[in-house]
Each structure stands twice: as structure tokens, then as C-alpha cells.
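> Got a sequence here, can you build the structure:
(2 chains)
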There are 2 protein chains.
Amino acid sequence: MKILALSGSLRANSINSALLRAAARLAPVELMVTVYHGLGDLPLFNPDIEGRSIESVTNFHAQVANADALLIASPEYAHGVTGTIKNALDWLVSFEPFTYKPVGIFNASPRAQHADAALREILKTMSAMVVEEASMTIPLLGANLDEDGMVSTPSVAAPIRGALLALSEAVVRATEQQQE
Amino acid sequence: MKILALSGSLRANSINSALLRAAARLAPVELMVTVYHGLGDLPLFNPDIEGRSIESVTNFHAQVANADALLIASPEYAHGVTGTIKNALDWLVSFEPFTYKPVGIFNASPRAQHADAALREILKTMSAMVVEEASMTIPLLGANLDEDGMVSTPSVAAPIRGALLALSEAVVRATEQQQE
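Reported below is the predicted structural model:
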């Protein structure tokens, strides 16, 4: 099963990107979690160029279509979603394979409630299937844990693994429903 | 007095961009409303490159610093702000001259309530001064008015002119308060 992980921060030392890399390492062997590195290469969304062949967009679309589920971790900038994650989602609004895709949302900061709520509203409006059991707030900000620390700290690693399992179960359920 | 107008849509036929161009034409002679055309050239915000000299960012910052007030019109994409306008604002979060800048918000669609609310929350968090008397919802979507139509339709042109006057009055008040 393939999970595509999107970080809403382009910062090299982003705690959200580290969280997704930790999730990739903690994933059970049957789950392949790939952290996507191309969100910074996407042009700003413009409906006028949506139909054109743009390499960064084509690649993003292909990876999304190929994924069984998405995992998003994104910081809050000024009580809003980051321009980077919203721009990525704007490129998916009219991309049919995104519809009904199971999505887990990791929130690295308990204080970041505006962006988390906005992200859920946006994803639901886009007809994504937000999987609540695969979504969680992890109080990482200020915890001084890097990627290795997250992987090796049981109180952090266990819920991450649990969320990934819940996401994979949602994929299985969704597939079964489609076949019925 | 200088007002910098930002459209959250990069679409050539954007109703929000047309609204701002109409506002520029309707502005009283003492107000210079300039529609900014560079939001699509900004890179996606990344704190790691924030300090570097990037021509599109430098130009945007200079225009914002030089403006007495901002006017924003931005569509709603999937119940959220557009990636384009949020990315532009992300570049202003740590830009000191933006703080306390009077901002008017034009909303071209009465249905677009999520993005309007999110935009206000973001701007207030960034310590902008959202001028309510200079902000309004104009039911343009479906009204089939282009830029010329907005300028020549009194029921649309009059409130636009009123909002611009309110914005200029807010600038005067803010300047007076700073001098006291």
C-alpha cells in the first residue's frame, strides 16, 4: 500500500517534514510512506494554465493518483494554512483521482488550531475522505525532538504507527465499499 | 495617497482582478490605486530563503512599504483562501512595514464566506488594520459585469467609491494617531 506524505513547510529543518520522515521509518513493512519533495517546484495555481503540460504538476498528479492515501503535516502561518500546502491543494481541486482519497492529517502543534480546522474544511470541500482515526495533534513544538528522537520516543512513535495503521484500514474499507 | 491592490487570482479573466481595475478607475483623483501584477512571480514562501535577495520579493516588499493602504480581492478555492494570496501574505508576515497597514477587503461573491473569514483572521493575526468600512461583499458572481460594466453601473460603482474613501479616511486617522 502506498501513502504519499505532503509537508506544508519548505524549510529544511521543518518539524512537520521531520514528522513525516519519522512516519516513513515507523511504517509497517506493508506500508510504503513516501515524503514528496516537489511541492516547492509547483507554480502558483492558475486555472488558465491548468490544462497545459507542466512537469512539476504532471509529476505531482501522477504521484497522487498512484497513492492509496495521503498524509499531510503542515504548519500554521499567521492563523492560516501555509501558501505552499494550499497551492498544492489548489492543483488537486479539479484532479479527479484525488476525489475520495483517504487523508490523514498530522498536526505538530496543539496551538495551531486555525490551520488544522481550515485544512479539514478545504479537504472535505474537495471530497477527500479525512480519516479521523489517522489524524492527530502531536505536541512536538517545543519538545525538542528531531526525526531520530520521534522514531525512538515510544510516546510519539506509538501513536504515529497507530495512525498509519488506521489510514491503511481506511484504504481497505474504502476499496471494499467500491467493490460492493 | 497610494493604495496597492492585490488580486488573489492569477486568471486573466478574474472577476476579482477586474473589480480591482474598476476600483482603480473609480478612485477619486487624490487616490492612486495600483493593481499589483507580480503575485504570480513570487516563489513559494520558505523561511530558509527569506533573507536572500529575490527580485520578485524585493519588488513586492518595496511596493507594500510604499503604499499607504492595501486593497485585497481574492476568490475562494475549495472553501479556503487561494494559495496565491496566502503565499503573498506569508512573504509579509515578518515584513515590518506591513504592520498596522490599513487594508480593505472586497469579496466578489456572497457565497465565499469561508475565504473571507479566513482572510480577516490571517490579516488580523499579522497586525494589519482591517478597515471594515472599506470592506464589502459585492454580488458580482453571476452578475455578468466586466470591468467596464462595474465602472458604469451606479449600484456597483458607488459602493466601490465609498469604500475607497473610507480606506483613505482610515489612512488619515492612522497617520494622525501616529503623530499624537
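> rest of the way, CA atoms for contacts and neighbours
Will do.
> Run a quick neighbour tally on A:Pro154.
11 (other CA atoms under 10 Å in any protein chain shown).
> Please apply the same query to A:Gly142.
Neighbours of A:Gly142 under the rule other CA under 10 Å: 7.
> so where do the strands sit in chain A?
Applying DSSP state E to chain A gives strands spanning A:2-7, A:32-35, A:69-73, A:76-77, A:80-81, A:102-107, A:129-130, A:136-137.
> any idea which of those is most buried?
strand A:80-81 (a mean of 28; mean count of other CA atoms under 10 Å in any protein chain shown).
> for that strand, packing partners?
helix A:113-125, helix B:113-125 (3 or more CA pairs under 8 Å, 6 or more residues apart in numbering or on different chains; DSSP states H and E).
> biggest helix in chain A, by residue count?
For chain A, the helix that runs over the most residues, judged by DSSP state H, is helix A:154-179.
> quick one, it and strand A:2-7 angle?
130 degrees (axes from the mean of the first three to the mean of the last three CA atoms, to 10 degrees).
> Tell me the helices and strands packed up against helix A:154-179.
Going by 3+ CA pairs under 8 Å, 6+ apart, helix A:154-179 lies up against helix A:15-26, strand A:69-73, strand A:102-107, helix A:147-152.
> can you tell me which of those comes nearest to B:Asn16?
Distance to B:Asn16, taken as CA to CA, is lowest for strand A:69-73 among the helices and strands packed on helix A:154-179, at 30.0 Å.
> ok so, going back, redo the helices and strands packed on strand A:80-81 as TSV? Include mean neighbour count, distance to A:Thr82 and mean pLDDT.
Shown next, in TSV, are those (neighbours: other CA atoms under 10 Å in any protein chain shown; distance: least, CA to CA, whole Å; pLDDT from 0 to 100):
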stretch	mean neighbour count	distance to A:Thr82	mean pLDDT
helix A:113-125	19	8	96
helix B:113-125	18	11	96
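> How about the contacts made by A:Gly162?
Counting by CA atoms under 8 Å, 6 or more residues apart in numbering or on different chains, A:Gly162 touches A:Ala134.
> Just grab the bridge partners of the spatially most central residue of chain A for me.
The centroid of chain A falls nearest to A:Ile72 when counting by CA atoms, centre = their mean (1.7 Å). Beta bridges link A:Ile72 to A:Leu6, A:Ile105, judged by DSSP bridges.
> State the distance from it to chain B.
A:Ile72 sits 16 Å away from chain B, taking CA to the nearest CA, to the nearest Å as the criterion.
> got it, and A:Ala112?
Taken as CA to the nearest CA, the span from A:Ala112 to chain B is 13 Å.
> what does A:Gly40 give?
In terms of CA to the nearest CA, A:Gly40 sits 6 Å off from chain B.
> Just give me the neighbour total for that residue.
By other CA under 10 Å, the residues close to A:Gly40 number 20.
> quick one: contacts for it?
Contacts of A:Gly40 (CA under 8 Å, 6+ apart): A:10, A:84, B:44.
> list the contacts for the residue nearest to A:Thr125 when sequence neighbours are not counted?
Distance criterion CA to CA, 6 or more residues apart in numbering or on different chains; nearest residue to A:Thr125, sequence neighbours excluded, is B:Ala78 at 5.6 Å. B:Ala78 sits next to A:90, A:93, A:122-123, A:125-126 when contact means CA under 8 Å, 6+ apart.
> that older thread, kindly reformat the helices and strands packed on strand A:80-81 as a markdown table containing distance to A:His37.
What follows is the helices and strands packed on strand A:80-81, written out as a markdown table (distance: least, CA to CA, whole Å):
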| stretch | distance to A:His37 |
| --- | --- |
| helix A:113-125 | 20 |
| helix B:113-125 | 27 |
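> out of the ones you listed, which comes closest to A:Val172?
helix A:113-125 (19.8 Å).
> and the closest one, C-alpha only, in PDB?
Output of helix A:113-125 as PDB, limited to C-alpha atoms (Å, rounded to 0.1, in the frame of the first residue of the first chain):
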ATOM      1  CA  GLN A 113      -6.000  25.100  15.600                       C
ATOM      2  CA  HIS A 114      -6.900  27.600  12.900                       C
ATOM      3  CA  ALA A 115      -4.900  26.000  10.200                       C
ATOM      4  CA  ASP A 116      -5.900  22.500  11.200                       C
ATOM      5  CA  ALA A 117      -9.600  23.400  11.100                       C
ATOM      6  CA  ALA A 118      -9.200  25.300   7.700                       C
ATOM      7  CA  LEU A 119      -7.300  22.300   6.200                       C
ATOM      8  CA  ARG A 120     -10.100  19.900   7.200                       C
ATOM      9  CA  GLU A 121     -12.800  22.200   5.800                       C
ATOM     10  CA  ILE A 122     -10.800  22.600   2.500                       C
ATOM     11  CA  LEU A 123     -10.200  18.800   2.200                       C
ATOM     12  CA  LYS A 124     -13.800  17.900   2.900                       C
ATOM     13  CA  THR A 125     -14.900  20.500   0.300                       C
END
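> what does that helix rub up against?
Contacting residues not belonging to helix A:113-125 are listed as A:75-77, A:79-81, A:107, A:129-130, B:78-80 [CA under 8 Å, 6+ apart].
> Among those residues, find me the one that's closest to A:Glu180.
A:Met129 (18.2 Å).
> Would you mind listing the residues in contact with the residue nearest to that closest one when sequence neighbours are not counted?
Using CA to CA, 6+ apart and skipping residues adjacent in sequence, the residue nearest A:Met129 is A:Pro102, 4.6 Å away. A:Pro102 makes contacts with A:68-70, A:128-131, A:167, A:170-171, as judged by CA under 8 Å, 6+ apart.
> Much appreciated, bye for now.
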